[in-house]
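J.: let's see this in three dimensions:
(one chain, ligands or ions: 1)
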Amino acid sequence: MNIRELTPADAPAFRELRARALKEHPEYFGETYEHFVGRSPGDVAEWMASANSFIFGAFDGNRLVGIARCSRRTDSPRDAHKAQVTSVYIAPEARGKGAAKALMLQLIQAARRWSEVEELRLAVVVDNESARKLYRTLGFRGFGIEPRAMKIGDKYVDEEHMALLLDRRD
Ligand SMILES: CC(C)(COP(=O)(O)OP(=O)(O)OC[C@H]1O[C@@H](n2cnc3c(N)ncnc32)[C@H](O)[C@@H]1OP(=O)(O)O)[C@@H](O)C(=O)NCCC(=O)NCCS
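T.: Here you go, the predicted model:
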């Protein structure tokens, strides 16, 4: 499994895999499949090129099989110490081989490019045991459960918020 940062040239493969994630697991992500596939290829490529976000991909040969995104806000100085991890997904055929862990380790390392960022945050649906375990293995700690964080149809989903403090002695 090769891990590298995605560039706008990876946009078609990224679009395909992200759409698959949202279709397969609508309950685990904030964005809907319909919203994502409605975005133009140019919009997604522009989103991928932003200086305030990056996406890492896991490749099996040339095929993109995993993704994870990190982003930060620059419009609010009081939020500048935090970055968000989102869009974590490994295709089912590539799971259980350490791809998510390898992808996340590289993403955590890459978040250090932003000198102000001191911690990574994420939210995970409480019944998503495999993802919660992955994040705990990486050092993320839960700091609260948000009841009814998302409403999907007539069903509510609770989320655990988790944080990882970066060692910023560099
Ligand atoms: C969660 C997910 C990203 C894990 O991907 P993966 O490549 O299979 O995970 P890895 O093989 O790197 O496993 C790393 C760690 O995650 C945990 N983990 C992964 N799959 C697990 C499972 N089925 N059950 C329990 N723990 C699991 C374990 O702690 C594992 O470490 P270990 O093997 O040393 O015990 C993948 O199952 C997935 O894409 N799920 C659907 C989308 C999703 O839930 N995204 C997260 C949204 S917040």
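J.: near the ligand, which residues of the chain show up?
T.: 25, 28, 88-90, 95-101, 124, 128-131, 133-134, 137 (CB under 6 Å from any ligand atom). Quick note: C-beta positions are derived from backbone N, CA and C, even for glycine.
J.: wait, isn't residue 146 in contact with residue 158?
T.: Yes - counting by CB atoms under 8 Å, residue 146 does reach residue 158; the two are 6.5 Å apart.
J.: just the strands in this structure please.
T.: 2-5, 53-60, 63-72, 82-90, 119-125, 141-152, 155-165 (DSSP state E).
J.: what is the last one packed up against?
T.: Right, strand 155-165. strand 119-125, helix 129-137, strand 141-152 (3 or more CB pairs under 8 Å, 6 or more residues apart in numbering; DSSP states H and E).
J.: contacts for it, please.
T.: Residues from elsewhere that reach strand 155-165 (CB atoms under 8 Å, 6 or more residues apart in numbering): 27, 108, 118-126, 132, 135, 138-151.
J.: pull the helix or strand with minimum mean pLDDT from this protein.
T.: Every helix and strand in the chain was compared by mean pLDDT, DSSP states H and E; the lowest is helix 41-48, with a mean of 86.
J.: quick one: contacts of the lengthiest helix in the chain?
T.: What stands out as the longest helix in the chain, according to DSSP state H, is helix 11-24. Helix 11-24 has contacts (CB under 8 Å, 6+ apart) with 6, 28-29, 31-33, 36-37, 41, 44-45, 48, 55, 57, 63-67, 87, 89, 91-92.
J.: contacting residues for residue 71?
T.: So residue 71 contacts 50, 52, 53, 54, 83, 84, 86 (CB under 8 Å, 6+ apart).
J.: was I right about the third one contacting residue 47?
T.: Yes - counting by CB under 8 Å, a contact exists between residue 53 and residue 47, whose distance comes to 7.3 Å.
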